[in-house]
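Colleague: build the 3D model from these lines:
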Amino acid sequence: MTVFNIPKISRPIRHLQRYRHILTVFTRHGFGFALSHLPAEPLWLRELHPVPKRERATLPAHFRQALEELGPAFVKLGQMLSTRPDLLPPDYIAELSRLQDRVKPRPWEEMRPVLETSLNAPLGDVFGEITLEPLASASLAQVYEAKLRTRQRVVIKVQRPNIRPTIRTDLEIIHDLARYAQDHTPLGRIYDLVEIADDFAHTLRNELDYTIEGRNADRFRRNFKGEDAVHIPWVYWDHTTERVLVLEYLEGIKINDIEAIDTAGYDRERIANNAARMIVQEVLQDGYFHADPHPGNFVVMEDEVIGAMDFGIVGHLNRSDRVNLIRLSNVAVQEDAQGVTDALIHIGAAPPDVDREALTRDVQRVLNYYSGVTLKKIRIEELMGDVMPIAFEHHLKLPSNFWLLGKTLAMMEGLGLKLAPDFDIFAFASPHVTRLTVETLLPSRHWAQELIRLGLSWGDLLEQLPHAGRLLIDRFENGEPIKLALASQNLAALDRMVTRLALSLIISGMIIGLAWLTPVVTQAQAHWIVQAFVIAAFVIALLMGIGVLYSIVRKKQ
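Modeller: I've put the predicted structure just below:
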């Protein structure tokens, strides 16, 4: 047996005990076989003996149990992996989706010093009352009900003592393991595992800073300003620090407590619609969504208002993400498997060496399965389950926010169906999707900004061309016997050819885009001026295309 090169792990001595514990846990849960993938066995692991995995549980279940046993950083890692079906097989994804971030609460005597140190004041100077039994207990924090000295009801989120050093150590180990897997496993040749680990570390460090969560809450409140169906709690910034978050207490019923909702006489269908309105605005309008929408984070308040809380994890969708989603959804609705493959390649989700025929064939199978099925009968969770094996098989690297969005929509749909069995999230979102499609494709300030940027880039290029051309010619003349000489008539012919080619590409793009946009605008019942503008533009582009074609044919003759 060759000797394992310890220095390849950057922090082996400092974290030796923790490394040993991690590998012991995974070995005990049946993953001792993974050690065979190391180039050699480290000396400090020779006392470990693989223990047969426990009966009555699958290997994915043991993987989840191992993560739960290893503590908060690994629980959070498992939750992140549950949104990445491109990295793990579907059975692991399903199991990791069951991860629960609930732990036994720490006694108040251990939590009180954290609160007092963070506030830099005696508790009596800030709070009139504190209920010592926590409302919730998670791996990173505990939540308490309290009243300020001014009598406002609040909740206090207090970080667990000494959690930061533990998280820091585990994140360093996860980074080291990702780097090792990057260099020594087939998966590392497909994915940038170090980047994934670093992104995860960045997200988890943000979760440990409660001022970031407070700013997230403020942003959601600004986004929903004027929306009476959603309530975002106020942040008491005078008492909020990196380790303590003080929020307005939301009085209401847990959104999944159907019996209590019925007893209170609330309209369940209205609640489902209000929840759908919230997620539709977050995704399609704001591009900024609550990415942890489990039932414990929502309450039903008076008048069926949805109260949201826990803004530690949020998802982002920029304009490019939305355009890509529109492209994918459009070709999928048209049951165009080749179009789906092309769209995946266009957004960089499919690797350059992807087997296009195999990918198109697998996509076609899914499209055939849903062919003729109305959107009302399609369940997002089921659809995600059909897509995940394709993503894993073909190593599709969709943006992580896409998977996070899919999981978020599936959870919200499940919640809506529990409240109202006839709930149809597609029907609810359809007009919003159509409006977003029209807004995205019609000229807007974004188009103007893009045109200005491109114009400036081309201006810089044209300004640099004479100087660059002169340098190129000098190098040819000084280094090679070949001289670059173009007659003026050749340059003129080349100029005409390039101009005609560019004009042809522009006109063809306009024709295709306007041909696709015309029925969308018509079906969306846009203003008649908009419809007339789009139709007129299409006709003009078509006439221009005929003119260019005529000039090309005449030139050949």
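
Colleague: now the residue positioned nearest the centre of the chain: which helix or strand?
Modeller: Central residue of the chain (Cα atoms, centre = their mean): residue 401, 1.0 Å from the mean position. Using DSSP states H and E, residue 401 sits in helix 400-419.

Colleague: try residue 172
Modeller: helix 163-184.

Colleague: next SSE after that helix?
Modeller: Scanning forward in sequence from helix 163-184 by DSSP H and E, the next helix or strand is helix 193-207.

Colleague: compute the inter-axis angle for that next one and helix 163-184.
Modeller: 170 degrees (axes from the mean of the first three to the mean of the last three Cα atoms, to 10 degrees).

Colleague: show me what helix 193-207 packs onto, helices and strands only.
Modeller: helix 72-81, helix 163-184 (3 or more Cβ pairs under 8 Å, 6 or more residues apart in numbering; DSSP states H and E). For the C-beta atoms, the positions are set from N, CA and C on the backbone; glycine is no exception.

Colleague: any buried residues in the longest one, and which?
Modeller: I take that to be helix 163-184. Residues of helix 163-184 classed as buried: 163, 167, 169-176, 178-182 (neighbour count, 16 or more other Cβ atoms under 10 Å).

Colleague: stretch 18-29 now?
Modeller: 18-19, 22-23, 25-29.

Colleague: closest one of those to residue 122?
Modeller: Using Cβ to Cβ, residue 18 is the member of the buried residues of stretch 18-29 that lies nearest residue 122, at 36.4 Å.

Colleague: how many residues are close by residue 156?
Modeller: 28 (other Cβ atoms under 10 Å).

Colleague: beta-bridge partners for it, please?
Modeller: Under DSSP bridges, the beta-bridge partners of residue 156 are residue 144, residue 246.

Colleague: and it, how close does it get to residue 308?
Modeller: Distance, residue 156 to residue 308, by Cβ to Cβ, to the nearest Å: 18 Å.

Colleague: distance check, residue 262 against residue 300.
Modeller: For residue 262, the distance to residue 300 equals 11 Å [Cβ to Cβ].

Colleague: between the two, who's got more neighbours?
Modeller: residue 300 (26 against 10).

Colleague: hmm, back to that, JSON lines for the helices and strands packed on helix 193-207, including mean pLDDT and distance to residue 430?
Modeller: Listed next are those as JSON lines, based on pLDDT from 0 to 100; distance: least, Cβ to Cβ, whole Å:
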{"stretch": "helix 72-81", "mean pLDDT": "89", "distance to residue 430": "31"}
{"stretch": "helix 163-184", "mean pLDDT": "90", "distance to residue 430": "41"}
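
Colleague: so which of the ones you listed comes closest to residue 139?
Modeller: Once those are compared by Cβ to Cβ, helix 72-81 is nearest, at 3.4 Å.

Colleague: for that closest one, packing partners?
Modeller: helix 59-70, helix 90-96, helix 163-184, helix 193-207.

Colleague: could I get those helices as CSV with distance to residue 235?
Modeller: Putting the helices and strands packed on helix 72-81 into CSV (distance: least, Cβ to Cβ, whole Å) gives the following:
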stretch, distance to residue 235
helix 59-70, 31
helix 90-96, 31
helix 163-184, 22
helix 193-207, 16
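
Colleague: so for residue 337, which of the ones you listed sits nearest?
Modeller: So among those, helix 90-96 is nearest, using Cβ to Cβ, at 20.6 Å.

Colleague: which SSE is immediately downstream of that closest one?
Modeller: Scanning onward from helix 90-96 (DSSP H and E), the first element met is helix 108-119.

Colleague: mind listing the strands the helix or strand just after that next one pairs with, and their directions?
Modeller: Once the chain leaves helix 108-119, the next helix or strand it forms, by DSSP H and E, is strand 127-130. The pairing partners recorded for strand 127-130 under DSSP bridges are strand 141-148 (antiparallel).

Colleague: quick one: buried residues of the strand it pairs with?
Modeller: Buried, per 16+ other Cβ under 10 Å, within strand 141-148: 141-146, 148.

Colleague: list the contacts of that strand.
Modeller: 105-106, 111, 126-132, 134-137, 153-160, 236, 239, 249 (Cβ atoms under 8 Å, 6 or more residues apart in numbering).

Colleague: dump that strand to PDB, restricted to CA.
Modeller: The C-alpha coordinates for strand 141-148 follow below in PDB (Å, rounded to 0.1, in the frame of the first residue of the first chain):
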ATOM      1  CA  ALA A 141     -30.200  29.500  16.500                       C
ATOM      2  CA  GLN A 142     -33.100  29.400  18.900                       C
ATOM      3  CA  VAL A 143     -36.100  31.700  18.800                       C
ATOM      4  CA  TYR A 144     -37.800  33.200  21.800                       C
ATOM      5  CA  GLU A 145     -41.000  35.300  22.300                       C
ATOM      6  CA  ALA A 146     -40.500  38.600  24.200                       C
ATOM      7  CA  LYS A 147     -41.800  42.100  24.800                       C
ATOM      8  CA  LEU A 148     -39.800  45.200  24.500                       C
END
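
Colleague: that strand versus helix 72-81: what angle between them?
Modeller: Going by the same axes, to 10 degrees, strand 141-148 is angled at 100 degrees with respect to helix 72-81.

Colleague: pLDDT on strand 141-148, on average?
Modeller: Mean pLDDT, strand 141-148: 95.

Colleague: just how off-centre is that strand within its chain?
Modeller: 30 Å (Cα atoms, centre = their mean, to the nearest Å).

Colleague: likewise for stretch 299-315?
Modeller: The answer for stretch 299-315 is 20 Å, by Cα atoms, centre = their mean.

Colleague: other SSEs contacting the helix or strand hosting residue 271?
Modeller: Using DSSP H and E, residue 271 falls within helix 268-280. The contact analysis (3+ Cβ pairs under 8 Å, 6+ apart) places helix 268-280 against strand 230-231, helix 258-263, strand 306-308, helix 400-419, helix 425-441.

Colleague: now the fourth one: buried residues?
Modeller: To tie it back to what came earlier, the one meant is helix 400-419. For helix 400-419, using 16+ other Cβ under 10 Å, the buried residues are 400-417, 419.

Colleague: tell me what that helix is packed against?
Modeller: helix 258-263, helix 268-280, strand 288-290, strand 314-316, helix 319-333, helix 380-393, helix 425-441.

Colleague: any chance you could list what contacts the second one?
Modeller: The set of residues that contact helix 268-280 without belonging to it, under Cβ under 8 Å, 6+ apart, is 224, 227, 229-230, 255, 258, 261-262, 289-290, 293, 298, 300, 304-306, 308, 408-409, 412, 415-416, 419-420, 423, 425, 428-429, 432.

Colleague: got a ChimeraX select line for the buried ones in those?
Modeller: Entered in ChimeraX, the line below selects the buried ones among those, by 16+ other Cβ under 10 Å:
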select :224,227,229,230,255,261,289,290,293,298,300,304,305,306,308,408,409,412,415,416,419,420,423,425,428,429,432
